[in-house]
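**Q** Provided below for reference: sequence and predicted model.
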Amino acid sequence: MKRYQTLNSIDTGYLRGYGSPMNRGQRAEPDHESVPRDSVDVLLASWRERRPDLDFSPVGIVSRLARLRAHLDRGLDRGFAAHGLSAPSFAVLVTLARIEPAGPVTQRRLMDELGLTAGTISVRIDRLVEEGLVERAPDPHSGRSTLISLTAQGREVFERVVPAHLDNERRLLAALTDDEQAMLAALLRKLLVEFEGSRPPVDAPPRLGLTLAPAHLALTMRESVGLPPVPALLVRAVEEDSPAASAGLRTGDLLVSAGPRELRSIAALYAAIGDAAEDGPLEIHVMRGARRHMVTMRLGLDGRGVPDGSHARTAGRSARGEHVV
């Protein structure tokens, strides 16, 4: 760890040049085309040779995510083991440290935060109680609930382990530049929110009045009733007297595109809303059954602005993956 911290303090211009200082303002060309073939490339080449009739391109992403996860987990596990912890135990400690300042948290809240079942969270809490890192107490407001909090020893362990853990994560991502890490994080966020769903804050500008299923669910739902599979946002509900209702949208409609944007994600829809003038129309190509038509929604007519994706928040790890917009 000391070696990494020492390297991290060296002049970043020197590091970017891999041994020669980078001139101010000089920017290297992307090196994506120079990356050697990896194990997934070998897998894809084998399958394409064996089954040229099938499109294996999704394997290039899903398999790499899985294989990277295995490498990252091993690297993280070694870091936790150096402090006498496991990854599951650390997840509980770090979550309590994040949300506990408002007071002890219920076991149910901790379960939701970690996306675990009641049985799994109970086992983890039992282990940490035995190690003296967390404590349970009766919930005075509910006889069926318990409150969980860090002990003094648990807080000390958290303060000691987290800086080392963050250094370890930086080490594992060291092959990527800051810009590449930001790009990867943005793409992963865009994909993850499609599984978690999103909600606008209570004080957000007026909504379109739609509840939407993400594209991966829309494909399954349409195929199940014999409709052509199209990767787009599926309307699950339309609020009365909303802009969506006034535009004639119905449950079951598929939002396919808006201008040049394919509406494969909630991010694309929010971007299309931003493209439209604040007092102008949002024109969306819709598929109703197997037929296409266009709807027009008027936005921002009350002067309070239009829906903004940067204000929307995840519905939570255990929530149903739908978007309310």
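**A** Okay, I see it. Residues are numbered from 1 along each chain as shown.
**Q** and the strands in the stretch 101-250 of the chain, which stretches?
**A** Assigned by DSSP state E, counting those that start in this stretch, the stretch 101-250 of the chain shows strands spanning 105-106, 134-139, 142-150, 198-199, 210-213, 233-238.
**Q** columns mean pLDDT, mean neighbour count and distance to Gly248 on top of these, output as JSON lines?
**A** All C-beta atoms are positioned from the backbone trio N, CA, C, and that covers glycine. Output for those, formatted as JSON lines (pLDDT from 0 to 100; neighbours: other Cβ atoms under 10 Å; distance: least, Cβ to Cβ, whole Å):
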{"stretch": "strand 105-106", "mean pLDDT": "91", "mean neighbour count": "16", "distance to Gly248": "44"}
{"stretch": "strand 134-139", "mean pLDDT": "92", "mean neighbour count": "16", "distance to Gly248": "49"}
{"stretch": "strand 142-150", "mean pLDDT": "86", "mean neighbour count": "15", "distance to Gly248": "46"}
{"stretch": "strand 198-199", "mean pLDDT": "89", "mean neighbour count": "20", "distance to Gly248": "24"}
{"stretch": "strand 210-213", "mean pLDDT": "95", "mean neighbour count": "24", "distance to Gly248": "13"}
{"stretch": "strand 233-238", "mean pLDDT": "96", "mean neighbour count": "20", "distance to Gly248": "9"}
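**Q** who wins for proximity to Gly259 among those?
**A** Between Gly259 and the strands of the stretch 101-250 of the chain, the tightest spacing by Cβ to Cβ is seen for strand 233-238, at 15.0 Å.
**Q** and the closest one, how far out from the chain's middle?
**A** Between the mean C-alpha location of strand 233-238 and the chain-wide mean there is a distance of 21 Å, by Cα atoms, centre = their mean, to the nearest Å.
**Q** count of residues packed around Arg108?
**A** Residues lying near Arg108 (other Cβ atoms under 10 Å) number 16.
**Q** from Ile125, how far out is the nearest residue to it once chain neighbours are set aside?
**A** Once flanking residues are discounted, Arg108 sits nearest to Ser145: 6.5 Å by Cβ to Cβ, 6 or more residues apart in numbering. Counting by Cβ to Cβ, to the nearest Å, the separation of Ser145 from Ile125 is 13 Å.
**Q** pull up the overlap in contacts between these two.
**A** Residues touching both Ser145 and Ile125 by Cβ atoms under 8 Å, 6 or more residues apart in numbering: Gln107.
**Q** residue contacts, the residue lying closest to Phe56 once chain neighbours are set aside?
**A** Distances taken as Cβ to Cβ, 6+ apart put Trp47 closest to Phe56, at 5.0 Å, once the chain neighbours are dropped. Shown in contact with Trp47 (Cβ under 8 Å, 6+ apart): 54, 56, 59.
**Q** quick check: the second one touching Arg48?
**A** So that's Phe56. Yes: at 6.3 Å, Phe56 counts as touching Arg48 under the criterion of Cβ atoms under 8 Å.
**Q** one step back: just the buried ones from the contacts of Trp47?
**A** The neighbour count (16 or more other Cβ atoms under 10 Å) marks Phe56 as buried among the contacts of Trp47.
**Q** show me the contacts of Trp47 that map onto helices.
**A** Among those, the residues falling in helices (DSSP state H) are Val59.
**Q** which residues touch the closest residue to Leu128 other than its chain neighbours?
**A** Spatially, and ignoring its direct neighbours in sequence, Leu128 is nearest to Val134 (4.3 Å; Cβ to Cβ, 6+ apart). Residues counted as contacts of Val134 (Cβ under 8 Å, 6+ apart) are 92-93, 96, 125, 128, 148-151, 154.
**Q** pick the one among the residues you listed closest to Glu29.
**A** Leu93 (43.1 Å).
**Q** now for that closest one, how many residues are close by?
**A** Counted by other Cβ under 10 Å, the residues lying close to Leu93 total 21.
**Q** that one and Thr151: what is the separation?
**A** With Cβ to Cβ as the criterion, Leu93 and Thr151 are 10 Å apart.
**Q** what do those two both touch?
**A** Shared contacts of Leu93 and Thr151 (Cβ under 8 Å, 6+ apart): 133-134.
**Q** now do the contacts for Asp38.
**A** The neighbours of Asp38, taking Cβ under 8 Å, 6+ apart as the test, are Arg64.
**Q** how close does it sit to Leu72?
**A** Taking Cβ to Cβ as the measure, Asp38 and Leu72 are separated by 15 Å.
**Q** now swap in Asn168 and tell me
**A** Distance, Asn168 to Leu72, by Cβ to Cβ: 10 Å.
**Q** show me which of the two is the more surrounded one.
**A** More crowded of Asn168 and Leu72, by other Cβ under 10 Å: Asn168, with 20 against 14.
**Q** which pLDDT value belongs to the residue lying closest to the more buried one once chain neighbours are set aside?
**A** Leaving aside its sequence neighbours, Asn168 sits nearest to Gly79 (Cβ to Cβ, 6+ apart; 4.1 Å). The confidence metric pLDDT takes the value 97 at Gly79.
**Q** next up, the contacts around Gly79.
**A** Gly79 sits next to 164-165, 168 when contact means Cβ under 8 Å, 6+ apart.
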